[in-house]
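>>> Predicted structure and sequence below. I'll ask about it afterward.
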Amino acid sequence: MQRIASAADVKSHEFRLNELHNRRLAAELKERQRVVRFNRPERDLERMRRQNKLFVRDRIEALLDPETPFLELSTLAANKAYDGEVPGAAQVVGIGIVAGREVIVHADDASVKGGAWYPLSVKKIVRALDIAIENRLPVVHLCDCAGGFLPLQAEFFADRYYAGRIFRNQSILSKMGVPQVAIAMGHCTAGGAYVPALSDYNIIVEGTGAIFLGGPPVVKAATGETVSAEELGGAHMHTSVSGTSDYFARSEMHAIAIAQDIVARFNRPTKASMDRVSPEPPAYDASELYGIIPRDPRVQFDMREIIARLVDGSRFHEYQPRYGESLVCGFARLYGYQIGVIANNGVLFSDSALKGAHFIQLCDKNRTPLLFLQNITGFMVGREYERRGITKDGAKLIMAVSGASVPKFTVVCNGSYGAGTFAMAGRAFDPRFMFTWPQSQISAMGAEQAAGVLTHVKARQLTREGGRLSEQELAAIREPILEEYRERSSAYYATSEIWDDGILDPVDTRNALAVVLSASLNTPIEAPHYGVFRM
C-alpha cells in the first residue's frame with residue numbers, strides 16, 4: 001500500500017488557528033468528562049463512606065486487570081438532561097479486561113440519586129447490553145440501584161426499548177451462552193433486583209448488599225409487615241435460604257475477587273479469522289489532527305489527511321481514486337487488522353454512491369470490517385440529479401450499508417446531515433460502535449439551511465395572506481431557529497441523548513477503534529447476503 005502524502009502545512013497561520021481552536025475543544029471535553037466522573041456533593045460521598053461502600057470508579061478500577069485499557073462509553077450521557085443533576089445518567093459502562101478477558105462492565109453509580117434509573121439510565125444500560133449481544137462479550141454488573149425514578153416512570157417503564165429491554169437482553173445473552181456476573185453491592189430494588197437474579201453468577205456483599213422487589217417501606221405500606229432490609233433480602237438470607245445469590249462476600253473487595261475468579265474460568269471463544277500483520281504507528285503525528293480539522297464545520301477538507309493519522313504506517317490502498325471523488329474508499333490497516341475505510345470528501349453524487357455500494361460489497365466478500373468517517377452535507381439535490389437517479393443510487397448505498405455482515409464502525413469527524421447520515425452508517429444502521437468528535441454536528445440539515453427554509457415558509461404564508469415581513473421580523477424568526485438547531489445538533493446534545501457511544505478527543509480515536517475492533521471479533525462474521533438493489 002502507498003503511504004498517503006500529506007499536504008497539510010503544519011506551519012501555516014490557518015493550521016495554527018485550527019490547532020488552537022481544537023485543542024481548546026479537547027480541553028473542554030476532558031474537563032466535562034472529569035466533572036461527570038468525579039464531582040459529587042460531599043454529603044453523597046460521606047454517605048457512601050459511612051456505608052463502607054467504594055465509589056463506583058474505585059470499584060471498576062479494582063475489578064479491571066492492572067495497567068489495561070478501559071474504554072468508557074457514553075460518559076456524558078444526560079449532560080443536557082434533568083437540569084444536569086444526573087451525571088453520566090447515573091451509570092458507568094465500558095469495555096475492559098478482567099482476568100485477561102474482554103468484558104462489558106456495567107455499574108450503577110450510587111453517588112447519583114442512589115443509583116436510581118432515569119429514562120436515559122435505562123437507555124444507557126440497554127445500549128451496553130446490545131453491545132454485549134452484538135459482540136458476544138461477557139458482562140460484569142456492579143449493582144447498587146434504588147430502582148426506577150418514579151416521577152418519570154412513563155418515560156422508562158412500558159415501551160419496547162424501556163426498562164423491560166434490560167431484562168430481555170440479559171435473557172438473550174444467557175440463551176446465547178454469553179455469561180454474566182453480578183455483584184449486589186448495595187440495595188438492588190424493584191427492577192434493579194432482576195439484574196443479579198438474571199445473571200449466571202450472583203455475588204452479594206454482607207451488610208450492604210440486598211436484593212428485593214420491594215424494600216421495607218414498600219412492604220410496610222403494602223402488607224403492614226415490619227421487616228429489616230437484611231431480613232428481607234440481605235446476604236445471609238439470599239445465600240442460605242432463598243438461593244437467589246450464589247456467593248457470600250464479606251466486603252466489596254472480597255466480592256470483586258470472587259468475580260475475577262469466575263471470569264477467569266469462562267471459556268475463551270476463538271475470535272473471527274481476519275487478515276492481520278504486525279501493527280505499526282501512523283507516519284504522521286495524531287496531534288496534527290487539531291490543525292487539520294477546520295474551525296468552521298462548513299469548511300471542507302481532504303479526509304485523506306484524517307485517514308493518514310489513524311491507520312498503520314499512513315498507508316492506504318485507494319479504490320477507484322478517479323471516480324466518484326466526493327467519496328474516498330480504500331483498504332488500510334489498524335493495529336495490524338485490515339479494514340475498509342469510507343470517508344466523505346463532499347456531497348454524495350450518484351457516482352460516489354455507486355462507488356461506495358460496490359466497495360462495501362467487496363469488503364463484505366473478503367470479511368473486512370468497515371470504518372465510516374462522516375463529514376457529509378447529504379446527497380446532491382436538484383432536477384438534473386434526480387433525472388440521473390440520485391435517489392435510486394443513494395438507495396443502493398443504503399442497501400449495501402444495511403446488508404453488510406462485517407463489523408461497521410462510525411466516527412462523525414465534522415458535519416453529519418440529512419440522508420447522508422444514514423448512508424454513512426448512522427446510528428439507525430447499527431454500526432457496532434459510533435463515536436463523535438467535539439466540534440461535530442448531526443441533524444436533518446445545517447442550522448443555516450433549516451433557518452432559511454423555515455423563514456422562507458413563514459414569509460410565503462404571509463405573502464399569500466397579503467402581508468410582508470420586514471428584515472427585522474425575518475431576523476426575529478431566524479435567530480431562535482438558529483440557536484435551537486445549533487444546540488440540538490451539537491456533539492454534546494447527541495451524546496446526552498445517547499445517539500453515539502461517546503465523544504472522543506480526535507487524538508484518542510485510533511486507540512478507541514482498536515479496542516472496539518478487537519471486541520467485535522468475538523462474534524463470527526456471517527456470509528454476505530443482500531436484499532434487492534434497484535438497478
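Perfect, thanks for sending it.
>>> need the strands for the stretch 251-400 of the chain, in chain order.
Counting by DSSP state E, counting those that start in this stretch, the stretch 251-400 of the chain has strands at residues 317-319, 327-334, 337-344, 370-376.
>>> How far off centre is the helix or strand of the chain with the lowest mean pLDDT?
Lowest on mean pLDDT, DSSP states H and E among the helices and strands of the chain sits helix 447-464, with a mean of 71. Here the centre of mass of C-alpha atoms in helix 447-464, compared against the chain's by Cα atoms, centre = their mean, to the nearest Å, lies 35 Å away.
>>> What is it packed up against?
Counting contacts by 3 or more Cβ pairs under 8 Å, 6 or more residues apart in numbering; DSSP states H and E, helix 447-464 packs against helix 471-488. Glycine gets a C-beta too; all of them are placed from N, C-alpha and C.
>>> what comes up buried for the helix it packs on?
Along helix 471-488, these residues count as buried under the neighbour rule (16 or more other Cβ atoms under 10 Å): 477-478, 481-482, 485-486, 488.
>>> closest to residue 141 among those?
For residue 141, the closest of the buried residues of helix 471-488 turns out to be residue 488, at 32.7 Å, with distances computed as Cβ to Cβ.
>>> Run me through the strand neighbours of the lengthiest strand in the chain, direction for each.
Longest strand in the chain, counting residues (DSSP state E): strand 408-417. If you go by DSSP bridges, strand 408-417 pairs up with strand 370-376 (parallel), strand 433-436 (parallel), strand 441-443 (parallel).
>>> circling back: extract the C-alpha set from the least confident helix or strand of the chain and format it as PDB.
As requested, the backbone C-alpha atoms of helix 447-464 are provided in PDB (Å, rounded to 0.1, in the frame of the first residue of the first chain):
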ATOM      1  CA  ALA A 447     -28.700  25.300  11.100                       C
ATOM      2  CA  GLU A 448     -28.400  28.000   8.400                       C
ATOM      3  CA  GLN A 449     -30.300  25.900   5.900                       C
ATOM      4  CA  ALA A 450     -33.000  25.000   8.400                       C
ATOM      5  CA  ALA A 451     -33.400  28.600   9.400                       C
ATOM      6  CA  GLY A 452     -33.600  29.600   5.800                       C
ATOM      7  CA  VAL A 453     -36.200  27.000   4.900                       C
ATOM      8  CA  LEU A 454     -38.400  27.800   7.900                       C
ATOM      9  CA  THR A 455     -38.100  31.500   7.500                       C
ATOM     10  CA  HIS A 456     -39.000  31.200   3.700                       C
ATOM     11  CA  VAL A 457     -42.100  29.100   4.600                       C
ATOM     12  CA  LYS A 458     -43.300  31.700   7.100                       C
ATOM     13  CA  ALA A 459     -42.700  34.600   4.600                       C
ATOM     14  CA  ARG A 460     -44.700  32.700   1.800                       C
ATOM     15  CA  GLN A 461     -47.600  32.200   4.200                       C
ATOM     16  CA  LEU A 462     -47.800  35.900   5.000                       C
ATOM     17  CA  THR A 463     -47.400  36.800   1.300                       C
ATOM     18  CA  ARG A 464     -50.500  34.600   0.500                       C
END
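>>> about what we covered before: want to throw the buried residues of helix 471-488 into JSON lines with pLDDT?
Supplementary listing: those in JSON lines, determined by pLDDT from 0 to 100:
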{"residue": "477", "pLDDT": "76"}
{"residue": "478", "pLDDT": "78"}
{"residue": "481", "pLDDT": "78"}
{"residue": "482", "pLDDT": "79"}
{"residue": "485", "pLDDT": "78"}
{"residue": "486", "pLDDT": "82"}
{"residue": "488", "pLDDT": "88"}
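>>> Contacts for stretch 372-392 next, please.
Contact partners of stretch 372-392, identified using Cβ atoms under 8 Å, 6 or more residues apart in numbering, comprise 300-301, 303, 306-307, 341-350, 353, 394, 408-421, 423-426, 431, 440, 445-446, 534.
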